[in-house]
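[1] Sequence first, predicted model second:
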Amino acid sequence: MYTAQKFTFNALDGISEKQLDVHIKLYEGYVKFLNTLESVQADLMKDSEKNAYALSEVTRRIGFEWNGMRMHEHYFSQWEGAPSPIGGKLAEALSAQYGSYDAWLAQFKGVSMMRGIGWAILSYDAKTNRFTNHFVADHELGQLNGLTTILALDMWEHAFMVDYVPAEKAKYVEAFSKNLNGDAITKRYG
């Protein structure tokens, strides 16, 4: 059984308490539904041949709920503690790969503004010592195997629709960015 994490936020600039409450409830739903699906999966496994179709659909849905849970845990934990810039070895490594920190940030924000629902993600590949900014549709389509999530920006409308309309996505991205705890994000890099 999975348990929804509890997050502690200071007042966020440009992200209302109501928006956070709505979004946290959605995250808690992913956790609850993942538990339900795993229970259903266990029951269906008792006769996997008879239940093959239902079992395959439930198993596929687990990936969506699992990643929905984990991506939101990355997302919300980035706002815990005091806002601070991304610095230290992470900022240096991003600058080395992208030419400057600002060049990386511009590319990341560009990914976040792509059309469609999903996530803008900064990931790190320890095998090649390289970062990638990429878009993950839904929660599970576009995940890059073996990479570490460094920064996760939820671009589903539920993440901002209490505070911003779709035409104001850029304002949401700015609010998201200015509330980040850079120290927490840098720890994901190592």
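    Happy to help now that I have it.
[2] buried residues in stretch 140-154?
    140, 143, 147, 149-154 (16 or more other C-beta atoms under 10 Å). Quick note: C-beta positions are derived from backbone N, CA and C, even for glycine.
[3] Give me the residues contacting that stretch.
    Stretch 140-154 is contacted from outside by 23, 63-64, 66-67, 71-72, 74-75, 78, 90, 108, 112, 118-127, 131-132, 134-136, 173, 176, 180, 185, 188-189, using C-beta atoms under 8 Å, 6 or more residues apart in numbering.
[4] Mind checking which of these are in strands?
    118-125, 131-132, 134-136 (DSSP state E).
[5] Quick one: residues contacting the residue most central in space within the chain.
    The centre of the chain sits closest to Met71, judged by C-alpha atoms, centre = their mean, with a distance of 3.3 Å. By C-beta under 8 Å, 6+ apart, Met71 lies in contact with 119, 136, 139, 149, 152, 154.
[6] so can I have TSV of these showing distance to Phe33 and pLDDT?
    Output for these, formatted as TSV (distance: C-beta to C-beta, whole Å; pLDDT from 0 to 100):
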residue	distance to Phe33	pLDDT
Trp119	18	96
Val136	19	94
His139	12	78
Thr149	21	96
Ala152	20	97
Asp154	17	98
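[7] most surrounded residue in the ones in strands among the contacts of stretch 140-154?
    Trp119 (28 neighbours; other C-beta atoms under 10 Å).
[8] So for the longest helix seen in the chain, mean pLDDT?
    Scanning the chain for the longest helix, with DSSP state H as the assignment, gives helix 17-45. Rounded to a whole number, the mean pLDDT of helix 17-45 is 98.
[9] what's the spacing between the residue nearest to the centre of the chain and Gln78?
    For Met71, the distance to Gln78 (C-beta to C-beta, to the nearest Å) stands at 11 Å.
[10] Ok, Glu38 next?
    27 Å.
[11] For stretch 34-42, buried residues please.
    By neighbour count on 16+ other C-beta under 10 Å, the buried set for stretch 34-42 is 34, 37-38, 40-41.
[12] Take these and write them to JSON lines, including distance to Glu49.
    Shown next, in JSON lines, are the buried residues of stretch 34-42 (distance: C-beta to C-beta, whole Å):
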{"residue": "Leu34", "distance to Glu49": "25"}
{"residue": "Leu37", "distance to Glu49": "20"}
{"residue": "Glu38", "distance to Glu49": "20"}
{"residue": "Val40", "distance to Glu49": "17"}
{"residue": "Gln41", "distance to Glu49": "15"}
